[in-house]
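Colleague: Predicted structure and sequence below. I'll ask about it afterward.
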Amino acid sequence: MRFIRKRPYILFILPGFILYTAFVIYPLFSAMSISLYEWTGIGPKKFVGLANFVTLFFNPRISEMFWNALKNNFFYVLAELGIIMPLQILLAYLIFLRIKGYRIFQTLIFLPCVISTAVIGFFIMIVFDPNFGILNSLLKSIGLGQFQSGWFGDPDLAFPLFIVVATWVGIGYGMMLFIANLKGIPEQIIEASIIDGAGGVQRFFRVILPQLWPSLTNIIVLDTIWGLTIFDIPFIIGGPQGGVNNSLDFMNIFFYRYAFGNSYGGETAMGFGASISVVLFGLVLIVSIIQIKFLRNIRVEY
Amino acid sequence: MPNKIWRLVFVIGLVLLVLQLGVAGAKEGKIVLRMWEHTPQFEDSTKALIKAFEAKYPNIKIELEIKTPDQYNTLLNTVIQAGDAPDIFWQNGTKTTDLANIVKMGGAMDLTGKIDLSGYDKMATDILYINGRLYQTPGASIDTRAVYYNKDIFAKYGIAVPETLSEMEKICETLVAKGVTPISFGAKLSWNILFLFEPVLAAVSPDWLDEAAAGKAKLSDPRLLQVFKKFEEWADKGFFGRNYLGVDEGAMLLNFSKGNTAMCITGSWNAETFTKNNPDLNLGAFQMPMENGGRVMVVTYSTGYCGYAKTRHPEEVLKFLRFATTREAQQIVVETQGNVPGLQGLKAKNELIQSIGTADRQVESFYNILGFWPKEGKNPRKIWEEDSIKWVSGKLTAEEFIARLEDAIDYSKMK
């Protein structure tokens, strides 16, 4: 008691620490432990050492799927940072400038963020279904039937289309963060830049953009983590097999298929699934640490 | 004062609600079982079965949840791992790898000696055993595949039901020339590829199927490659339309039901789905004709249900499973589902079902054969499930796909 009385902060930390340990730290170490076993999820476990990792990296059939899923995650992160984020900044700036109808645009752009993923999946089906989708019907009705496609069923089109859908769904969230950040920029700074003769473009790149650095760093890190852990939308579109030719397969779907499905030679493979989750965790951790260190060292001047 | 009145009204209302719930609960006094079915196509027949069961056992209530086939087994594995599985769930026996996996996880109730299987065909019951123990109830229907056709479209173009495989191909060519998609197809799920591929295989090379089932023919046999090539040829000629990749089963069936295509080659259990989708559809069906005439039918038996090993109501679950095995219950399923009867004494619902069950020759399912002699640690059926889409999409050639399948088969196990 004396120990705690001298350190009262422990009482405040303890509830959070217990919950965090139970729901984050324990599952993490548990997954690491399970990855060393052959286990269906129920019943006895058989210790296999690093065999699950060896299978993951060196079994030609499985490693092909693993690298494909990882590649898709990587390209999705690139799309988030290279396409979605710049669009978010641009839209946030236009709304910040109060262009005509900006309130409606703001609502419309943010709307997909409040729609559940299942409903988004339904919208996607309505638009892109090869037989009944609006898009193919429209193309046929205007005499462009030759451009009808299987859309998400076409392995070459599925990923780019997914990026379009992900942009539509996710653009509003980051945009709102940027708008909040823009509203916090002191007016004097913008006025000073105008007096100094900065044009619109120059003002955006030299004054506004650097001021967005706090939001930008957060969104870069969060987008990367989301990008590496995406599951819901590609799963709804492509199913547990990750679409035609695994074109929409991502690490989390790959994990789900093996840990809970019976893709591992017809059996549920919790141990092998855990090895995928350990690799994914390590990847997210390393990338996040590098990003945070790198971004922290950048000094923004304006 | 008004506030007090409102509070009083609220409290009285709450008390009445609690009392009502209590009375309702006491009145019901029922044991509730949770049940999962794997596809909306079985919804009506399962509901009819439950209704008959509940009429017979009024103290048991069954709450049915219908899942979708692409996610069913993954979800089921998840809830079994979580220790919260439904009391009763559908499984496909040894026809797929799922039941064996569930048994390995300790998720299925051992029914050995608890279910009366007398009267059932050996072929229908053999698929219910894992390591010599019974884990699920049988089905009394033949799960075959059939060519469903739109009689109006056939009549419009003066087409008669084909008597040979060449005639079948000629019909498809005629339809393509007229701008009509001959066969509705969806390749998002490997199952739909299988249910189209198997009748083509049965029609082109029934002898290979018989020999392979007897352990006397290999996958590298040129006769099998010929079938894969025939399937590719049909796709190239536009017999399946243009955009079938990524189309799921629901859309595939709907496309035919709406009259957008002339035929659909799929499971016999889908007969009711077509008429449910479109009651005005002028539907006919036939078994695939072979090259030299005569019709061939891929035969597998339907299956029933498993009990959850850790159910809190094992007696009630057993009551249901026993009921589901009775002739009375099977007649309900056969009639509601529109299945081909596979048990003597059961009656087919109508002429359509009779025509599906009419063939000159019966053959084993290709998918079943794939599972007869697996290599240790490999599973050729799983390879079919994962790679058949890659073959249909052109990512794998027929030769590469067959080689992958063959790599998972241990021919030394053949007698």
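Modeller: In hand now; what should we look at?
Colleague: And for B:R223, the neighbour number?
Modeller: By the criterion of other C-beta atoms under 10 Å in any protein chain shown, B:R223 has 16 neighbours. From N, CA and C alone the C-beta is placed, and that goes for glycine too.
Colleague: List phi and psi for the closest residue to A:Y256 other than its chain neighbours.
Modeller: Counting by C-beta to C-beta, 6 or more residues apart in numbering or on different chains, A:P240 is the residue found nearest to A:Y256 once chain neighbours are left out, at 6.6 Å. The phi/psi pair for A:P240 (degrees, to the nearest 10) reads phi -70, psi -20.
Colleague: Run a quick neighbour tally on A:P240.
Modeller: Neighbour tally, A:P240, other C-beta under 10 Å: 18.
Colleague: Next, the contact list for whatever residue of the stretch 201-302 of chain A ends up closest to chain B, please.
Modeller: Here the residue of the stretch 201-302 of chain A nearest chain B is A:G266; by C-beta to the nearest C-beta that distance is 3.2 Å. Applying C-beta atoms under 8 Å, 6 or more residues apart in numbering or on different chains to A:G266 gives the contacts B:T97, B:D98, B:A100, B:N101, B:N379, B:R381, B:K382.
Colleague: now do 10 Å
Modeller: B:96-98, B:100-101, B:104, B:371, B:374, B:378-383, B:385 (C-beta atoms under 10 Å, 6 or more residues apart in numbering or on different chains).
Colleague: for B:T112, same thing?
Modeller: B:T112 neighbours (C-beta under 10 Å, 6+ apart): B:Y129, B:G132, B:R133, B:L134, B:Y135.
Colleague: Could I have the ChimeraX command that selects the buried members from these?
Modeller: The buried residues among the contacts of B:T112 can be selected in ChimeraX (16 or more other C-beta atoms under 10 Å in any protein chain shown) with this line:
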select /B:129,134,135
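Colleague: With pLDDT added, can I get the contacts of B:T112 in JSON lines?
Modeller: As requested, these are exported to JSON lines (pLDDT from 0 to 100):
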{"residue": "B:Y129", "pLDDT": "95"}
{"residue": "B:G132", "pLDDT": "94"}
{"residue": "B:R133", "pLDDT": "96"}
{"residue": "B:L134", "pLDDT": "97"}
{"residue": "B:Y135", "pLDDT": "97"}
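Colleague: List, out of the contacts of B:T112, those positioned next to chain A.
Modeller: Near chain A, judged by C-beta under 10 Å from any C-beta of the partner chain, there are no entries from the contacts of B:T112.
Colleague: Could you identify the most distant pair in the contacts of B:T112?
Modeller: The largest separation in the contacts of B:T112, counting by C-beta to C-beta, is between B:G132 and B:Y135 at 10.6 Å.
Colleague: returning to what we had before: now list the buried members of the contacts of A:G266.
Modeller: By 16+ other C-beta under 10 Å, the contacts of A:G266 give B:96-98, B:100-101, B:104, B:371, B:374, B:379-383, B:385 as buried.
Colleague: So which of those is the closest to chain A?
Modeller: For the buried ones among the contacts of A:G266, the closest approach to chain A (C-beta to the nearest C-beta) belongs to B:T97, at 3.2 Å.
Colleague: Looking at chain A, what residue ends up closest to chain B?
Modeller: Counting by C-beta to the nearest C-beta, chain A gets nearest chain B through A:G153, at 1.9 Å.
Colleague: list the contacts for the closest residue to that residue other than its chain neighbours?
Modeller: Excluding its sequence neighbours, the residue lying closest to A:G153 (C-beta to C-beta, 6+ apart) is B:G246, at 1.9 Å. Listed by C-beta under 10 Å, 6+ apart, the contact set of B:G246 reads A:128-130, A:149-155, A:157-158, A:237-239, A:243-244, A:247-248, B:186-188, B:389, B:393.
Colleague: Kindly recompute the last result at 8 Å.
Modeller: Contacts of B:G246 (C-beta under 8 Å, 6+ apart): A:P130, A:G150, A:W151, A:F152, A:G153, A:D154, A:A158, A:G243, A:V244, B:A187, B:K188.
Colleague: Check B:F89 too.
Modeller: B:F89 is in contact with B:M35, B:W36, B:L76, B:Y305, B:C306, B:Y308, counting by C-beta under 8 Å, 6+ apart.
Colleague: So which of those belong to strands?
Modeller: B:M35, B:W36, B:Y305, B:C306 (DSSP state E).
Colleague: Return only those of the residues you listed found close to chain A.
Modeller: By C-beta under 8 Å from any C-beta of the partner chain, no member of these lies near chain A.
Colleague: can you tell me how far the residue of the stretch 201-350 of chain B found nearest chain A sits from B:G394?
Modeller: Per C-beta to the nearest C-beta, B:G246 is where the stretch 201-350 of chain B lies closest to chain A, at 1.9 Å. From B:G246 across to B:G394, the span is 14 Å (C-beta to C-beta, to the nearest Å).
Colleague: and residue 1, what pLDDT?
Modeller: No chain was given, so I picked chain A. Looking at A:M1, its pLDDT reads 75.
Colleague: please go with chain B instead
Modeller: With respect to pLDDT, B:M1 scores 49.
Colleague: ditto for A:R5
Modeller: Confidence score, pLDDT, at A:R5: 86.
Colleague: in which helix or strand would I find it?
Modeller: Assigned by DSSP states H and E, A:R5 falls within helix A:2-6.
Colleague: all helices of the stretch 51-200 of chain B, in order?
Modeller: Ranges of helices in the stretch 51-200 of chain B, per DSSP state H, counting those that start in this stretch, are B:72-81, B:98-104, B:122-126, B:151-156, B:165-177, B:190-204.
Colleague: Looking at the ones you listed, spot the one closest to A:K6.
Modeller: Here helix B:72-81 is closest among the helices of the stretch 51-200 of chain B (C-beta to C-beta), at 45.6 Å.
Colleague: and chain B, what are its domains?
Modeller: Following automatic domain parsing, one gets these domains for chain B: B:32-142+B:302-337, B:145-211+B:223-298+B:358-366.
Colleague: for chain B, what are the nearby residues on the stretch 101-250 of chain A?
Modeller: Residues of the stretch 101-250 of chain A lying close to chain B (C-beta under 8 Å from any C-beta) are A:129-132, A:136, A:148-155, A:158, A:239-241, A:243-245.
Colleague: still on that earlier bit, can I get the contacts of B:G246 in CSV with neighbour count, pLDDT and secondary structure?
Modeller: Formatted as CSV, the contacts of B:G246 follow (neighbours: other C-beta atoms under 10 Å in any protein chain shown; pLDDT from 0 to 100; DSSP: H, G, I helix; E, B strand; the rest coil):
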residue, neighbour count, pLDDT, secondary structure
A:P130, 24, 89, coil
A:G150, 26, 90, coil
A:W151, 21, 93, helix
A:F152, 29, 93, helix
A:G153, 27, 91, helix
A:D154, 20, 93, coil
A:A158, 25, 95, helix
A:G243, 26, 91, coil
A:V244, 27, 92, helix
B:A187, 25, 93, coil
B:K188, 26, 90, coil
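Colleague: was I right about B:Q362 contacting B:V299?
Modeller: Yes. The pair B:Q362 / B:V299 is scored as a contact, 4.7 Å apart, by C-beta atoms under 8 Å.
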